[in-house]
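Student: Attaching a predicted model along with its sequence, questions to come.
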Amino acid sequence: MTDLPTANPTTKAERLYCESRIRTRNMVERTFGVWKRRFHVFIFGLRLKMETSMAVIQSCAILHNNARLANDPQPPDEVENITQLLTNELVDIEDAIQPEHNNYGLRNALLAEHFGPM
């Protein structure tokens, strides 16, 4: 999903959408951080066919959940520093996205349908 075009939401629906998106994004980013430390395949991204990538992601999710159920300790944070050093040379994917593919229409429809009635 994309951010609202302005930094200042004006309607209640826009404010609720922004709050919900921030909470969701924070949780997802924390999870990706844990996965990158546990499964180094995610550090540089998957350079595989879509079907293979989906199988890898699902397998890692299952392995991660099993590790949590077994009280396996979290990987050390030092890997995150290595990740930052190694990824400095990579292109920022959000900068590479073309503006005509920004999904504003989809976001606005979701905003009106799910957050407007609140």
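Tutor: Okay, I see it. Numbers count the residues shown, from 1 in each chain.

Student: where does the closest residue in space to Ala67 that isn't next to it in sequence land on pLDDT?
Tutor: Nearest non-adjacent residue to Ala67, counting by C-beta to C-beta, 6 or more residues apart in numbering: Arg38, 7.1 Å away. Every C-beta, even on glycine, is put in place using the N, C-alpha and C of the backbone. With respect to pLDDT, Arg38 scores 89.

Student: can you check His101 too?
Tutor: Predicted confidence (pLDDT) for His101: 56.

Student: Could I get the full set of helices for this structure?
Tutor: Counting by DSSP state H, one finds helices in the chain at the ranges 12-38, 50-69, 78-87, 93-96, 104-110.

Student: Of the ones you listed, which is nearest Gly116?
Tutor: Among the helices of the chain, the nearest to Gly116 by C-beta to C-beta is helix 12-38 (4.3 Å).

Student: rewinding a little: isn't the residue nearest to Ala67 right up against Asn65?
Tutor: No - using C-beta atoms under 8 Å, Arg38 is not in contact with Asn65; the gap is 11.3 Å.

Student: In contact with the residue nearest to Leu16 when sequence neighbours are not counted, which residues?
Tutor: Excluding its sequence neighbours, the residue lying closest to Leu16 (C-beta to C-beta, 6+ apart) is Phe115, at 4.5 Å. Counting by C-beta atoms under 8 Å, 6 or more residues apart in numbering, Phe115 makes contact with 12-14, 16-17, 20.

Student: re the thing from before, which of Arg38 and Asn65 has more residues huddled nearby?
Tutor: Taking neighbours as other C-beta atoms under 10 Å, Arg38 and Asn65 compare with Arg38 leading, 17 against 10.

Student: ok, now which ones touch that one?
Tutor: 60, 63-64, 67, 74-75.

Student: Among those, the buried ones, what's the ChimeraX command?
Tutor: Buried residues within the contacts of Arg38, by 16 or more other C-beta atoms under 10 Å, are selected in ChimeraX with:
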select :64,75
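
Student: who's in contact with the spatially closest residue to Arg15 that is not a sequence neighbour?
Tutor: Excluding the flanking residues, the one nearest Arg15 by C-beta to C-beta, 6+ apart is Pro9, at 4.7 Å. Pro9 makes contact with 15, 17-18 under the criterion C-beta under 8 Å, 6+ apart.
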